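[1] here is my input; please provide its structure:
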Amino acid sequence: MSDTANKSMFYCRMGTGLALTTLTVLFLTIADVAIAVAYKDILADNDTSCALKAAYSLFVIATIGQFAMAVFDTILVCTTVRTNVSCHCVCYHMKVITHFISCAMIFLGTMIYGIKSPDKVAYSFWLALVAGFFALANALMWLLTQQTKRFLKEAGVNVTNLEKGKKHDGSNFT
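    Residues are numbered from 1 along each chain as shown. Next up is the predicted model:
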């Protein structure tokens with residue numbers, strides 16, 4: 001494969017990841033605002049249970065983590081487009097871990113929110129739940145595409161330059 005294929009694969013992974021992260025942030029932000037409107041001063045109110053405060057805090061922390069990933073991905077894509085060179089700082093371990101942790105926090109928060117306040121389960125609950133599935137899909141996408149890259153490397157395909165007919169160490173097939 002050529003250098004163009006390498007760039008296409010990079011942009012496909014980054015574009016898909018950035019789109020899923022953006023959807024996660026959008027849905028979580030709407031859910032955060034809706035919960036904050038439903039419970040006035042949710043973190044400062046003494047009448048609100050600690051479980052609901054914990055659920056809301058989990059949503060907010062997950063939103064912050066996803067927003068940080070969106071900013072990081074945007075800077076990475078813009079830098080690559082501007083310089084026309086991939087900087088090899090994708091940090092997929094960080095992406096997988098951040099998205100899995102965000103997914104766990106969202107699912108735990110929705111479970112707590114649904115159990116402690118079943119009368120207020122509305123669109124904010126469902127938006128947060130969908131955001132959790134987007135975070136899970138994003139983590140799995142990064143995990144599976146990196147695993148595919150490793151399988152190709154073990155099979156002898158040069159995944160760094162994607163040169164046809166070359167092994168991963170740059171030597172020719174015999």
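[2] give the buried residues for stretch 102-114.
    Buried residues in stretch 102-114, counted by 16 or more other C-beta atoms under 10 Å: Ser102, Cys103, Ala104, Met105, Ile106, Phe107, Leu108, Gly109, Thr110, Ile112, Tyr113. All C-beta spots, glycine's among them, are computed from the backbone N, C-alpha and C.
[3] my bad, stretch 64-77
    Gly65, Gln66, Phe67, Met69, Ala70, Phe72, Asp73, Leu76, Val77.
[4] and the gap between Arg13 and Ala128?
    Distance of Arg13 to Ala128, computed by C-beta to C-beta, to the nearest Å: 26 Å.
[5] before we move on, back to that, closest to Leu140 out of the buried residues of stretch 102-114?
    Checking the buried residues of stretch 102-114 against Leu140 by C-beta to C-beta gives Cys103 as the nearest, at 9.4 Å.
[6] leaving out the residues flanking it, which one is nearest to the closest one?
    Nearest residue to Cys103, sequence neighbours excluded (C-beta to C-beta, 6 or more residues apart in numbering): Ala135, at 4.0 Å.
[7] and the helix ranked longest in the chain, average pLDDT?
    Counting residues, the longest helix found in the chain (DSSP state H) is helix 3-38. Averaged across helix 3-38, pLDDT comes to 84.
[8] the more surrounded of Arg13 and Ala128?
    Using other C-beta atoms under 10 Å as the criterion, Arg13 and Ala128 rank with Ala128 on top: 27 against 19.
[9] the more buried one: which element?
    Here Ala128 sits within helix 123-154, counting by DSSP states H and E.
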